[in-house]
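Asker: mind looking at a prediction? Sequence and model below.
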Amino acid sequence: MANAKFMKPLQPSAELGAVVGAGPLPRTEVVKKIWDYIKKNGLQDKANKRNINADEKLLKVFGGKKQINMFEMTALISKHLK
């Protein structure tokens with residue numbers, strides 16, 4: 001099954017857990033929860049919607065970067081999943 005890898009629950013780091021919750025989640029659910037968080041907190045850049053502005057919690061997930069684009073996000077999130 002090709003989707004099995006995406007559906008496998010992964011354990012978020014403490015930093016990522018502060019945003020998406022501490023329990024294991026499939027990667028797809030982690031990304032969805034991060035987007036919910038970004039939208040809820042108005043962190044999508046107004047000028048360029050592909051960019052995400054980090055708040056205090058996301059700075060830790062994004063390796064200290066104040067702004068990333070949505071394509072970088074997947075790689076940065078992966079570092080926080082085991």
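Answerer: Thanks, I have it.

Asker: now find how far off-centre the top helix by length along the chain is within its chain.
Answerer: The longest helix of the chain (DSSP state H) is helix 27-40. Centroid displacement of helix 27-40 relative to its chain, using Cα atoms, centre = their mean, to the nearest Å, is 6 Å.

Asker: give the buried residues for it.
Answerer: For helix 27-40, the neighbour count (16 or more other Cβ atoms under 10 Å) marks 27, 29-31, 33-34, 37-38 as buried. Backbone N, C-alpha and C define where each C-beta goes, glycine included.

Asker: quick one: contacts for M70?
Answerer: By Cβ atoms under 8 Å, 6 or more residues apart in numbering, the residues touching M70 are 50-52.

Asker: I should have written L58 there, sorry.
Answerer: Taking Cβ under 8 Å, 6+ apart, we find L58 in contact with 19, 37-38, 43, 52.

Asker: low-confidence ranges, this protein, go.
Answerer: Of all residues in the chain, those with pLDDT under 70 make up the ranges 1-3.

Asker: follow-up on the earlier one: need the contacts of L58 in JSON lines with distance to K65, can you?
Answerer: Listed next are those as JSON lines, based on distance: Cβ to Cβ, whole Å:
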{"residue": "V19", "distance to K65": "15"}
{"residue": "Y37", "distance to K65": "16"}
{"residue": "I38", "distance to K65": "14"}
{"residue": "L43", "distance to K65": "13"}
{"residue": "I52", "distance to K65": "9"}
